[in-house]
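In: attaching a predicted model along with its sequence, questions to come.
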Number of protein chains: 2
Amino acid sequence: MKKKCIGIDVGGTTAKIGLLSVQGQILDKWEIPTRKEEGGKYILPDIARSVLDYLKTHQISVQELAGAGIGVPGPVMPDGNVEVCVNLGWTDVNPEKELSRLLGGVYVKAGNDANVAALGEMWQGGGKGHKSLMLFTLGTGVGGGVVLDEKIVSGFRGMGGELGHIVVNFDEPLQCNCHNHGCLEQYASATGIVKEAHRSVEASEEPSVLRKKPDFSCKDVLDAAKAGDRLALETVHRCMRYLGLAMHYVSHVTDPEIFVIGGGVSKAGQFLLDIIREYYEGFTVMGRRKADIGLATLGNDAGMYGAARLILDKELENI
Amino acid sequence: MKKKCIGIDVGGTTAKIGLLSVQGQILDKWEIPTRKEEGGKYILPDIARSVLDYLKTHQISVQELAGAGIGVPGPVMPDGNVEVCVNLGWTDVNPEKELSRLLGGVYVKAGNDANVAALGEMWQGGGKGHKSLMLFTLGTGVGGGVVLDEKIVSGFRGMGGELGHIVVNFDEPLQCNCHNHGCLEQYASATGIVKEAHRSVEASEEPSVLRKKPDFSCKDVLDAAKAGDRLALETVHRCMRYLGLAMHYVSHVTDPEIFVIGGGVSKAGQFLLDIIREYYEGFTVMGRRKADIGLATLGNDAGMYGAARLILDKELENI
């Protein structure tokens, strides 16, 4: 049996590469820069060279690998093709075929990075022990991932799990990065929470610690809310109400075992989960039991774990 | 190879029973009354007796059956258990085990009736040729079903595909049957369209053919809208806008190939689909291509088809 695998999480700045056991332990990990120039044509060769160098240095043969999984920051079609990936400069690249060729025929499977992170959290993180979950990653934007029966739901056009761009507010004057108005990402991301806090500051005369620090961060808002600052707390409630609403919408589709909340915003921990749960359960009347809500635990490694897990469906059956 | 199968669609009034070929043709079909008294304890024995009598009369041996599928009007857990089914009077019934026993060990698989109808439409109806779809059945209520990779998504608590109870309007004063307020079912069902038309009639002095027939039906509203009656048309747009909105929400989860619209309301045909598409595509900015939208074609037989299809995953691989 092949005992090791490679998990790769390609971001716009660096690619994180991990060597994992097929049981799900990271044995080693490292990063290389993502060279986006010339349509991102160096990205996969750079990754392949780095992996092959590592294997050679550590006297690991390619035959020991069950495969390599790769998460990319854009939609991946069911056949592994990436039509457009703005973050990497790619147009019509098939990382499965290309990386496999560069690695001498190793089995390669690709997925959208947010979906892959959801799979990682299911395997070794906040969703461990569950087979179906939805991940909301509350970072600069809002990423989403849907896992059903231990498999990513990538969708017919690669748009499965795009949970950050569900419209939750039709009165939003500002445009989202996706060009729509009122997407969840505009409220439940770190950027969104800061924007909403500024709106709260401007809309009233209510005293708040945020007024003393005009360039406050999302963490400042969350910390102030935790400390009982009413204006900050009201802002966090407004933003998490939208998240609870989106969770209500999507729970009626796949009825997941658990929602996992990750990203920088989720560092606010149980305080945040309690607010999210209040709204999600308030909106969702049907069903005697609601889905659990938990925190992501893998941080920036979720993508590596999930990418490795992508290729293990067959291997795991033999363990 | 076993060439025949049984598809059963149990409703609150009758149970529809069909004998189908494993290729998906209905060879014969009939109905028996649903006896709900005494906790619905006669329902499965009545069905089993009817099936066995039919097989005997037509000299078909039980061994020729690949199995029997059964759709029930309530949530079905992944293990086949039905915790509560108000429409049949059931509490903690496992139709898979019980019907299998009554049929002498024939393989039985159960599913929620709306989900099963979605599977039927995928197999032989409006979704034929597709592997992933969502069905909205616009009848007295709004039923939903999600099919992914040719399989029903029943969810962890049997609440998968409960699309009619997504909240689309927080300003709704009336309560839905599920006790929530503002569910899709309150607008996109036949009942909902009539209610909304009455609201339109009461809210303005605008002339309308509906004013001449105070007990108008949903069909009256749709016919008037088709004929250009402004008040009726505005009502239909308002109701279908909510459906388009729900389709936007759910499309971000599984990104289906096609939405299939069924139920009595869908008899309004292409006229209705065009309005639904206008709103769904308007709400959904992401993705170069949107999901197709088509009409259900199997009518009341969808449940029989889908119930039969439930048991054929293994058989179909051998065809």
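Out: Done, it's in.
In: list the contacts for the residue in the stretch 201-319 of chain A that chain B sits nearest to?
Out: Residue nearest to chain B within the stretch 201-319 of chain A: A:D255 (2.4 Å; C-beta to the nearest C-beta). Every residue, glycine included, has its C-beta placed from N, CA and C. Going by C-beta atoms under 8 Å, 6 or more residues apart in numbering or on different chains, A:D255 touches A:132, A:287, A:291, B:153-160, B:162.
In: ranges for the strands of the stretch 151-300 of chain A?
Out: Secondary structure of the stretch 151-300 of chain A (DSSP state E, counting those that start in this stretch): strands located at A:151-152, A:258-262, A:292-295.
In: deepest of those, which one?
Out: Mean neighbour count, computed with mean count of other C-beta atoms under 10 Å in any protein chain shown, is highest for strand A:258-262 among the strands of the stretch 151-300 of chain A, reaching a mean of 26.
In: paired strands for that strand, with orientation please.
Out: Take DSSP bridges as the rule and strand A:258-262 pairs in its sheet with strand A:133-138 (parallel), strand A:292-295 (parallel).
In: now the element after the longest one, going C-ward?
Out: Past strand A:133-138, heading to the C-terminal end, the next element that is a helix or strand (DSSP states H and E) is strand A:142-148.
In: so that next one, near chain B or not?
Out: Yes. Interface with chain B: strand A:142-148 contributes A:144, A:146, A:148 (C-beta under 8 Å from any C-beta of the partner chain).
In: wait, which of those residues is closest to chain B?
Out: For the residues of strand A:142-148 next to chain B, the nearest to chain B is A:V146 (5.8 Å; C-beta to the nearest C-beta).
In: can you list the residues of the stretch 51-200 of chain A near chain B?
Out: For the stretch 51-200 of chain A, the contact set with chain B under C-beta under 8 Å from any C-beta comprises A:132, A:134, A:144, A:146, A:148, A:153-163, A:165-167, A:178-180.
In: and the residues you listed, which are buried?
Out: For these, a burial check counting by 16 or more other C-beta atoms under 10 Å in any protein chain shown picks out A:132, A:134, A:144, A:146, A:148, A:153-163, A:165-167, A:178, A:180.
In: looking at the strands paired with strand A:258-262, which is closest to B:F259?
Out: strand A:133-138 (20.6 Å; C-beta to C-beta).
In: which residues does the closest one contact?
Out: A:114, A:117-118, A:121-122, A:127, A:142-147, A:161, A:163-164, A:188-190, A:243, A:246-247, A:250, A:254, A:256-266, A:296, B:253.
In: just the CA atoms of it, as PDB, please.
Out: What follows is strand A:133-138, C-alpha atoms only, in PDB (Å, rounded to 0.1, in the frame of the first residue of the first chain):
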ATOM      1  CA  LEU A 133     -20.800  19.600   6.600                       C
ATOM      2  CA  MET A 134     -20.700  23.100   5.300                       C
ATOM      3  CA  LEU A 135     -17.700  25.300   5.900                       C
ATOM      4  CA  PHE A 136     -18.000  29.100   6.100                       C
ATOM      5  CA  THR A 137     -14.600  30.700   6.000                       C
ATOM      6  CA  LEU A 138     -14.900  34.200   7.300                       C
END
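In: which parts of whatever helix or strand A:R101 lives in are buried?
Out: Using DSSP H and E, A:R101 sits in helix A:95-102. Neighbour-count burial for helix A:95-102 flags A:95-96, A:98-100, A:102 (criterion: 16+ other C-beta under 10 Å).
In: ok, the nearest residue to A:Q63 once chain neighbours are set aside - contacts?
Out: What sits nearest to A:Q63 in space, not counting adjacent residues and going by C-beta to C-beta, 6 or more residues apart in numbering or on different chains, is A:K2, at 7.6 Å. A:K2 is in contact with A:22, A:63-67, A:315, counting by C-beta under 8 Å, 6+ apart.
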